[in-house]
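K.L.:
predicted model, plus sequence, below.
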Amino acid sequence: MPQSPQCANVPSTPPSGNAGHHRGKPRGPAEQAIEDLLAQVRQWQFNNPGLLRASVSFPEMDPLVWLETNPLASRSYWQDRAGTIRLAGIGTAWQYTADSPDDHPTLLRRAQALAKHPGVHLLCAFSFDGQAGAGEWQGFPASLALLPALELQGTSAGQQLSANLYAESASELQHRQDELIALLEGLRPTTEAEHRPSRVIERDEDLDFAECSSRIRAILHDIEQGHVHKAVLARQVALRLDRPLAAFNALRRWSAITDGSYCFAIEHAGRIFMGCSPERLFFRSGRSVQTESLAGTVRRGETEAEDAALEASLREDSKLVREHAWVTRYIRGELEPWAIRIDAPEHASVLKLDRIQHRRLPIQATLRPGVGDHQLLDALHPTPAVCGFPRRRAQDLIRRQEGFHRGWYSGVIGLLSGDASELAVAIRSALVAGDQAWCYSGVGIVRGSEPEAEWQELEAKIESFLSAVQG
Ligand SMILES: C=C(O[C@H]1C=CC=C(C(=O)O)[C@@H]1O)C(=O)O
């Protein structure tokens with residue numbers, strides 16, 4: 001793998017009349033754009049090892065509907081929480097997987113070398129514990145970086161369809177070109193999203209309330225003993241559905257009810273990991289970093305008045321305020337060795353989601369020269385919101401208390417592009433395989449946590465996914 005792949009962008013005006021498979025039929029704008037892209041891809045020849053990329057503008061369409069309609073190869077999706085970029089991918093032009101955190105610097109360096117090419121974005125994902133998958137996560141690596149073969153990218157400037165091809169030899173180029181042409185020729189036009197929700201016919205819980213309470217009490221005992229300040233206990237719910245889940249349609253519904261969240265999906269080993277997370281791990285542009293401390297949760301109220309009262313308790317309750325202050329202090333401490341300056345406002349804001357609300361405090365830092373994503377990832381992941389602190393002790397406690405493998409749930413997922421990276425904490429997420437799904441939720445346990453309230457919070461997080469599945 002060369003360190004500095006070449007990029008040869010073919011001129012965007014194709015020769016007329018040479019697009020084969022729809023010749024003679026009337027074409028819509030989407031078909032015409034695909035034909036134009038095909039014409040460019042067919043012209044590619046091997047010059048240097050590296051990346052070839054071509055793009056055409058594409059008529060507006062929902063990228064999640066596009067993915068649902070086109071299960072031609074592994075699909076992926078990323079939408080930042082401001083909704084400024086929506087990136088849907090089909091197939092794989094380049095991929096790097098790692099099975100140990102020791103390999104993270106290499107993964108990031110190689111992905112970032114590719115992302116230096118104009119317009120190129122790479123999706124990346126990291127598991128919670130730095131280990132490769134087991135159980136339902138079998139086949140998932142500890143981390144992955146991915147450049148899709150076909151990519152539908154929507155920004156405020158409009159929508160583009162791009163083709164990517166990475167080859168190190170003429171024969172590899174030939175082979176990948178054939179695959180890319182087959183993908184482009186196989187694309188189906190999309191219309192409206194079909195409303196095909198699934199019903200849950202079986203629900204298998206790893207914990208019931210009694211078991212959950214006893215684990216919370218065990219964690220509280222460790223807290224009383226002074227071993228940890230906070231530990232996050234997660235649960236897994238396995239679902240059997242009455243029909244295979246149209247996962248990208250479900251993700252579209254989920255995203256609509258979790259406004260202001262990151263929205264993501266990666267299909268790997270025949271399964272789709274997807275979610276709508278409110279939590280930013282970090283956004284880095286050059287040496288400027290934005291991260292946040294997210295902690296403290298209450299439910300949403302049934303009425304405006306009740307919601308406001310709950311929000312007031314989120315702002316004032318001493319247990320929640322203390323928990324949040326600890327988390328903020330901890331994140332600042334982790335950033336300190338890497339930053340020349342760290343700033344945060346004095347007061348937290350409240351983030352309102354469909355069923356719950358959180359305390360959130362943005363933290364802004366300026367990095368020391370030479371510090372990049374791998375130091376930030378090491379410093380911030382796993383955050384106290386998904387693990388606890390001190391981190392190592394909380395991890396040990398989680399290992400003892402949880403009876404399942406978290407896989408990519410509560411890991412990291414995001415987008416690397418040029419000089420900027422945006423990574424989210426992969427909570428509010430689920431793994432889907434046909435008519436099976438596993439969904440996950442976690443709660444932070446601190447001194448004063450009450451099992452009943454924590455159980456309600458775990459349920460509320462699962463309910464959000466269930467309502468997206470069932471339509
Ligand atoms: C671990 C999860 O949420 C975390 C994020 C924000 C607030 C949390 C809390 O108040 O417990 C959780 O720590 C999850 O949703 O699976």
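P.N.:
The structure has been received and is ready for your questions.

K.L.:
stretch 340-349 and the ligand in contact?
P.N.:
No. Under the criterion of Cβ under 6 Å from any ligand atom, stretch 340-349 makes no contact with the ligand; the nearest approach is 12.4 Å. For every residue, glycine as well, the C-beta is placed using N, CA and C.

K.L.:
would you mind measuring the gap between the ends of that stretch?
P.N.:
Counting by Cα to Cα, to the nearest Å, you get 25 Å between the two ends of stretch 340-349.

K.L.:
centre of the chain to it, how far?
P.N.:
25 Å (Cα atoms, centre = their mean, to the nearest Å).

K.L.:
quick one: contacts for the residue in the stretch 201-350 of the chain that the ligand sits nearest to?
P.N.:
Residue of the stretch 201-350 of the chain nearest the ligand, by Cβ to the nearest ligand atom: T297 (3.4 Å). Residues near T297 by Cβ atoms under 8 Å, 6 or more residues apart in numbering: 314, 356-358, 443-444, 457.

K.L.:
show the buried residues in those.
P.N.:
With burial judged by 16 or more other Cβ atoms under 10 Å, the buried subset of the contacts of T297 is 314, 356-358, 443-444, 457.

K.L.:
show me what residue of the stretch 51-200 of the chain gets nearest to the ligand.
P.N.:
Ranked by Cβ to the nearest ligand atom, the top residue of the stretch 51-200 of the chain for proximity to the ligand is F128, at 10.2 Å.

K.L.:
then the stretch 351-471 of the chain?
P.N.:
Nearest to the ligand, among the residues of the stretch 351-471 of the chain, is G442, at 3.1 Å (Cβ to the nearest ligand atom).

K.L.:
write out the residues of this protein neighbouring the ligand.
P.N.:
Going by Cβ under 6 Å from any ligand atom, the residues of the chain near the ligand are 232, 234, 279, 294-297, 358, 385-386, 410, 427-428, 441-444, 461.

K.L.:
quick check: buried residues in whichever helix in the chain runs longest?
P.N.:
With secondary structure taken from DSSP state H, the chain has its longest helix at helix 451-470. Within helix 451-470, the residues scored as buried using 16+ other Cβ under 10 Å are 451, 454-462, 464-469.

K.L.:
equivalent analysis for stretch 194-207, please.
P.N.:
197-198, 206-207.

K.L.:
out of those, which are inside strands?
P.N.:
Using DSSP state E, no member of those falls within strands.

K.L.:
still on that earlier bit, then the longest helix of the chain to PDB, C-alphas only?
P.N.:
Provided in PDB are the C-alpha atoms of helix 451-470 (Å, rounded to 0.1, in the frame of the first residue of the first chain):
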ATOM      1  CA  PRO A 451     -32.000   1.100  40.100                       C
ATOM      2  CA  GLU A 452     -35.700   2.000  39.200                       C
ATOM      3  CA  ALA A 453     -34.700   5.200  37.500                       C
ATOM      4  CA  GLU A 454     -31.800   3.700  35.700                       C
ATOM      5  CA  TRP A 455     -33.900   0.800  34.400                       C
ATOM      6  CA  GLN A 456     -36.500   3.300  33.000                       C
ATOM      7  CA  GLU A 457     -33.700   5.100  31.200                       C
ATOM      8  CA  LEU A 458     -32.400   1.900  29.700                       C
ATOM      9  CA  GLU A 459     -35.900   1.100  28.500                       C
ATOM     10  CA  ALA A 460     -36.400   4.500  27.000                       C
ATOM     11  CA  LYS A 461     -33.300   4.200  24.900                       C
ATOM     12  CA  ILE A 462     -34.300   0.800  23.600                       C
ATOM     13  CA  GLU A 463     -37.900   2.100  22.900                       C
ATOM     14  CA  SER A 464     -36.500   4.700  20.500                       C
ATOM     15  CA  PHE A 465     -35.000   2.000  18.300                       C
ATOM     16  CA  LEU A 466     -38.100  -0.100  18.500                       C
ATOM     17  CA  SER A 467     -40.300   2.700  17.300                       C
ATOM     18  CA  ALA A 468     -38.100   3.200  14.300                       C
ATOM     19  CA  VAL A 469     -38.300  -0.600  13.500                       C
ATOM     20  CA  GLN A 470     -42.000  -0.900  13.900                       C
END
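
K.L.:
and A39, that's in a helix?
P.N.:
Yes. Under DSSP: H, G, I helix; E, B strand; the rest coil, A39 falls within a helix.

K.L.:
what residue ranges in the chain score low on pLDDT?
P.N.:
For the chain, the stretches with pLDDT under 70 are 1-26, 193.

K.L.:
domains of it?
P.N.:
Domain assignment for the chain by automatic domain parsing gives 6-186, 200-251+278-470.

K.L.:
how far out from the middle of the chain is the last one?
P.N.:
Taking the mean C-alpha point of domain 200-251+278-470 and that of its whole chain, the gap between them comes to 13 Å (Cα atoms, centre = their mean).

K.L.:
stretch 105-124 now?
P.N.:
16 Å.

K.L.:
show me which positions of that stretch end up buried.
P.N.:
Buried positions in stretch 105-124, judged by neighbour count with 16+ other Cβ under 10 Å: 105, 107-108, 110-115, 117, 119-124.

K.L.:
next, E136: phi, psi?
P.N.:
phi -70, psi -10 (degrees, to the nearest 10).

K.L.:
bridging residues for the residue nearest to it when sequence neighbours are not counted?
P.N.:
Spatial nearest neighbour of E136, chain neighbours left out: W438 (5.1 Å); criterion: Cβ to Cβ, 6 or more residues apart in numbering. Judged by DSSP bridges, the bridge partners of W438 are A238, L431.
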